[in-house]
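Okay, predicted coordinates and the sequence, questions at the end:
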Amino acid sequence: MKRRDFIQMAGLGAGAMMLPFTGLGHEIDPAHMLMPLMDASQKKALADVALNTAKSLGASYTDVRIGRYLNQFVTTRERKVQGITNTESYGAGVRVIANGTWGFAASNDVTADGIKKTTERAVAIAKANSKFQKEPVKLAPTPSYGEISWKTPIVKNGFEVPIKDKVDLLLNANAKALEKGASFVNSIMFLVNEQKYFASSDGSYIDQDVHRTWPNFQVSMVDRQSGSFKTRSAFSAPVGMGYEYMDGKASDKIQGPGGVILYNNSYDIVEDAIMATEQAKEMIAARTVEPGKYDLVLEPSHLWLTIHESVGHPTELDRVLGYEANYAGTSFLTFDKWQSKKFKFGSDVVNIVADKTQIGSLGAVGYDDEGVKCKKWDIIKDGVLVNYQATRDQVSLLGQNESHGCSYSQSWEDVQFQRMANISLQPGKQQLTPDQMIAGVEKGIYIVKDGSFSIDQQRYNFQFGGVLFFEIKNGKIVGMLKDVAYQANTQEFWNSCVQVCDDRDYRLNGAFYDGKGQPGQANAVSHGSATARFNGVNVINTARTI
Amino acid sequence: MAILSKDDAKKILEKVVGFSKSDGIEVTLNGNDGGNIRYARNSVSTAGESSNVSLSVQTYFGKKSGGASINEFDDASLEKVVRRAEELAQLAPENPEFMEPLGPQNYGTDPKTFIESTAKITPDYRAKSASNSIEPASKKDVTAAGFLEDSRGFSSLMNSKGLFAYSQSTGVDFTVTMRTNDGTGSGWVARNFNDVSKLDAAEASQIAIDKALQSRNAKAIEPGKYTVILEPNAAADLLGLMLAGMNARQADEGRSYLSKKGGGTKLGEKIVDERVNIYTDPWNEEVPVANWSDGGGGRFGGGGGGGGGQPRTKMDLIKNGVVSNLIYDRYWASQKNVEATSFPGNRIMAGGNASIEDMIKDTKKGVLVTRFWYIRAVDPQTLLYTGLTRDGTFYIENGKIKHPVKNFRFNESPIIMLNNLETLGKQMRVAGGFGGGSSLIPAMKIRDFTFSSLSDAV
């Protein structure tokens, strides 16, 4: 299966949840996942083979990534286990600059001889491609960090939790949904562990252990009489945490507007499955929306995706430069807008930061995949575009001499390139709760959880759906709506942002498999926000008859 | 190592099956050599090659199954992977949807999926293709961004019931986006073949350059319902989403556009214009694909497969506008007492004789669409999708292209679209099928296509 197909499948679109079975490495025994393959000194010795070989062949820069990528998926539907899959992908990728040009090669032969051959191929490819290179690659300087390590600060390693516990938890959630009358329920537990060792000719040897966790479900309600069906997905978030995310602590539960329970730093899947079933019934019976202009109150589990598509992607420097023109697209946030220092991307309350260090986020690492120490920086300040997201070979084009640390590769066998950092809307400075925000809205819709999404290749025009839509009339929620999607222009939309709730309401959500590049690669990234209000947004009705 | 002959693959598979101590075993052995080159800003950005052979084992005890895979092929490693799969099978919960493997099958003649010239593509060929695309662009003040990817591979499968299947394939995919340096025009072209001798990167690139130049300074026209002429790539994207949803189980369960109000499915019902004929055929000369299916995920279960080694046959999906087959995996077929349907490998829609030019001549007022972009489901019940036009959208008036137009966002269902069919044009091979195959899709003229807003994107 090609990666893009996998990403599509893992997108968990309508209907049955599909299972990723291949494309992530070899299926292995789960017990094997807990055994280390090599210690840091052995990896350093192998890395030095790459660094020395490349140098002797004339490379001016080299980095090597020895990576072990572990995935576990437990999938169920109704009262059945559909699959338990454990995969491991292990190998090394070598990237060099020779004749001013990048070259990359990778192999699963992680021996001194294998790495030497891989390095020779990388140098040969760089030299072959240098015939077509117009300008030599220029890397921003980065300090030599010596031998260091970084770990996701997890409390419970999900891979150490017995599979039976995961199966029992998912089947319990399914059973509760079925007892409440759900027609169908699919649930899944994804666990990821990236064990990555990076070394470069700049003198850094970085050992990192990265964990991610994502529980998810889809509760479907079918009304045979009317022929209609609705699906309510889980209110969980994919997180850069361990299995402690499944603790469902009372202190992490939030009583939201419209009787909705939302989750912050941990998640109660059983409670959510019960709530999902009740809400799926309501979704079928909901009133169809009257198209027109509404003030939208967007909850963080919804707004993250709008931030991702309309802020995260257009501020990626490789898109601005045209490297993604043939696939993901370019960007409307051209250099002239940034250089003017007054391009009003959003209203004054719109402050958006990029942050690769945020605890619990999917994008948090100590160092990126080209050995740059991660940091936090402003992207939109008081509504004005102030910076982009860039890697070492791009940042000089901005007149900056320090990379933003945005280099990432999904595996040892894919070349690293610029990927999105966690991009988050900062909470408002005034004290404001979602209930208080809704109380000020005359005609509006409160939207919870991401749904359908689509945006053009330069990120001007977008359309978003959602999962739950509550009608707001004269400051109160009066019932549920369906067939809702909103369409806007990115700049107009962010300039219509009039309020953002305060930091008590700030939460992360995100994407496990954001796709980009050719061949396609996935990236995991979080987006935080508090509930925010956007005035006068165009809402369409999506009901059709076939 | 990546391409094993039928005999070599068979020897390894027989050895692995021989190691089995379980109730039964199914083994797949697949290999692929691939290469690619990517360019942007009129310069090569990345290039690489990869090679991989992998052996995957599924074993079962009763209704409990387990899998493991490996890429080492010495006897000890092969035996070890079988033992590991058996240990996992013993630990696994029972799968009530488990289906025993198939016995020996008759697959008929081998489709022509492997072409020697494609298998011999070199880094120099890729670099030359990129250069043939970049050079004419830079002469016209246009910037090229493109990607060429080629592969050669084999797939094989054997089980303990005596089934053996083997196939080889090659493929090449080429896409390029040409943007005028003033940022106001963009064109795109895509080519997909088993046989690289059919690919002319220079010729294809010229089409994208011409589109970029012609699409400069697009004018805005009001969104609304328009007659559209969809080039095959645009049509294929929406059709593909419709065909991917022809799963019988979901339809039976009431959660598909093919579910019927009050219960049951739309199998046997007319859902689109009677001129619509869509089928799959592994032996089609333009889009050949392996005549057997590896069953995909859940080989032993109901989770999407249960068809390891199932023969693919020529099969109608939509015949004269009527749903003629749904896809039943082996488990669901056993529940419904019907024949299981192998998962199709390609998709073919019958076309007509009209060229795009003929269709334009015949259009009083309409929009020509090169391609769609960022298509996402809005409502699975009506198959409503949203997305945008991109890289060459033109206004047609009185039989002629009048001027380029700004891109539109659409909200449309392929079912509604195929009910509003005006004319079918000539077929073209496009990338993307079902199980790794490609599609043969005609250009088509559609009335009342719903454009709901304008985009400033170029």
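Arrived safely, thanks for sending.

How is residue 76 assigned, secondary-structure-wise?
Looking at chain A here, since you left the chain open. Here A:T76 is recorded as strand under DSSP: H, G, I helix; E, B strand; the rest coil.

I was thinking of chain B, sorry if that wasn't clear
Under three-state DSSP, B:A76 falls in the helix class.

and it, how many neighbours does it have?
8 (other C-beta atoms under 10 Å in any protein chain shown). For glycine as for every other residue, the C-beta is placed from the backbone atoms N, C-alpha and C.

Give me the pLDDT for it.
As predicted, B:A76 sits at a pLDDT of 94.

What residues does it make contact with?
Residues near B:A76 by C-beta atoms under 8 Å, 6 or more residues apart in numbering or on different chains: none.

the helices in the chain, which residues?
With no chain named, the answer covers chain A. For chain A, the helices defined by DSSP state H occupy A:3-10, A:40-56, A:112-129, A:163-179, A:269-285, A:300-307, A:317-321, A:335-339, A:434-439, A:490-495.

my question was about chain B
For chain B, the helices defined by DSSP H cover B:6-18, B:75-91, B:116-119, B:123-139, B:201-214, B:232-243, B:248-252, B:330-336, B:356-361, B:414-419.

which strands and helices sit next to the first one?
Here helix B:6-18 is seen to pack against strand B:24-40, strand B:43-61, helix B:75-91, strand B:142-159, strand B:164-180 when contacts are counted using 3 or more C-beta pairs under 8 Å, 6 or more residues apart in numbering or on different chains; DSSP states H and E.

What residues of the longest one count as buried?
Looking back up the chat, that one is strand B:43-61. Across strand B:43-61, burial judged by 16 or more other C-beta atoms under 10 Å in any protein chain shown covers B:43-50, B:53-61.

count of neighbours near residue 206?
Chain wasn't specified; assuming chain A. 24.

wrong chain, I was asking about chain B
B:Q206 has 19 nearby residues by other C-beta under 10 Å.

And for B:L239?
For B:L239, the number of neighbouring residues by other C-beta under 10 Å comes to 26.

B:L230 versus that one, what's the distance?
10 Å (C-beta to C-beta, to the nearest Å).

hey, what's in contact with both of those two?
Common neighbours of B:L239 and B:L230 (C-beta under 8 Å, 6+ apart) do not exist.

looking at it, A:K337 is touching A:K344, isn't it?
No - A:K337 lies out of contact with A:K344 (C-beta atoms under 8 Å); the separation is 9.5 Å.

And the residue of the stretch 1-150 of chain B closest to chain A?
Residue of the stretch 1-150 of chain B nearest chain A, by C-beta to the nearest C-beta: B:A145 (3.6 Å).

Now for that residue: which residues touch it?
A:G322, A:Y323, A:E324, A:A325, A:N326, B:Y39, B:A40, B:R41, B:V176, B:T177, B:R179.

Look at B:M428 and say how many residues are nearby.
Per other C-beta under 10 Å, the neighbour tally for B:M428 reads 20.

Give the burial count for B:A202, as a bare number.
Around B:A202 there are 14 residues (other C-beta under 10 Å).

Quick one, grab the pLDDT at the residue lying closest to it once chain neighbours are set aside.
Nearest-residue entry for B:A202: B:N132, 4.1 Å, with adjacent residues in sequence omitted and distances by C-beta to C-beta, 6 or more residues apart in numbering or on different chains. pLDDT for B:N132: 96.

Quick check: the gap between B:N132 and B:S205.
Distance from B:N132 to B:S205, counting by C-beta to C-beta: 7 Å.

Same question for B:D8.
39 Å.

So between these two, which is more surrounded?
Legend: neighbour count by other C-beta under 10 Å for B:D8 and B:S205, higher for B:S205 (26 against 14).

I'd say the more buried one and B:G146 touch.
Yes - counting by C-beta under 8 Å, B:S205 does reach B:G146; the two are 7.5 Å apart.

what touches both of the two?
B:S133, B:V176.

one step back: of the helices and strands packed on helix B:6-18, which shows the lowest average pLDDT?
Looking at the helices and strands packed on helix B:6-18, the bottom one is strand B:43-61 with a mean of 88.

Summarise which helices and strands that one is packed against.
Using 3+ C-beta pairs under 8 Å, 6+ apart, strand B:43-61 is in contact with strand A:101-107, helix A:112-129, helix B:6-18, strand B:24-40, strand B:64-70, helix B:75-91, helix B:123-139.

If you compare the directions of it and helix B:75-91, what angle comes out?
60 degrees (axes from the mean of the first three to the mean of the last three C-alpha atoms, to 10 degrees).

any idea of the angle strand B:43-61 forms with strand B:64-70?
Using the same axes, to 10 degrees: strand B:43-61 against strand B:64-70 is 140 degrees.

mind listing what the nearest residue to A:N174 once chain neighbours are set aside touches?
Distances taken as C-beta to C-beta, 6+ apart place A:V185 nearest to A:N174, at 4.6 Å, with adjacent residues excluded. Neighbouring residues of A:V185 by C-beta under 8 Å, 6+ apart: A:R77, A:E78, A:A173, A:N174, A:A177, A:L178, A:F217, A:Q218, A:V219, A:S220, A:A273.

and the last one, what pLDDT?
Okay, so that is A:A273. 98.

mind checking how far it is from chain B?
Distance, A:A273 to chain B, using C-beta to the nearest C-beta, to the nearest Å: 17 Å.

I figured that residue hits A:Q218, correct?
No - contact criterion C-beta under 8 Å: A:A273 and A:Q218 do not qualify, at 10.1 Å.

Report the set of residues contacting both of those two.
Common contacts of A:A273 and A:Q218 (C-beta under 8 Å, 6+ apart): A:V185, A:S187, A:A234.

what does the model give A:P30 for pLDDT?
A:P30 carries a pLDDT value of 84.

how far away is it from A:N86?
Using C-beta to C-beta, one gets 5 Å for the distance from A:P30 to A:N86.

what's the answer for B:G321, then?
Separation of B:G321 from A:N86 (C-beta to C-beta) stands at 46 Å.

Can you pick out the residue with more neighbours from those two?
Set side by side, B:G321 and A:N86 show more neighbours around A:N86, with 25 against 19, by other C-beta under 10 Å.

May I have the beta-bridge partners of that one?
On the basis of DSSP bridges, A:N86 is bridged to A:Q72.

State the number of residues packed around residue 118.
As the question left the chain open, I've gone with chain A. Here the count is done by other C-beta under 10 Å, and A:T118 has 25 residues near it.

Oops, wrong one, chain B.
21.

give the contact list for the closest residue to it other than its chain neighbours.
Once flanking residues are discounted, B:T118 sits nearest to B:T170: 3.7 Å by C-beta to C-beta, 6+ apart. Counting by C-beta under 8 Å, 6+ apart, B:T170 touches B:T113, B:F114, B:I115, B:T118, B:A119, B:D150, B:S151, B:R152, B:G153, B:N194, B:D195, B:V196.

Using CSV, please lay out those together with distance to A:G93.
Converted to CSV, the contacts of B:T170 look like this (distance: C-beta to C-beta, whole Å):
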residue, distance to A:G93
B:T113, 31
B:F114, 29
B:I115, 30
B:T118, 26
B:A119, 25
B:D150, 21
B:S151, 20
B:R152, 22
B:G153, 22
B:N194, 30
B:D195, 32
B:V196, 27
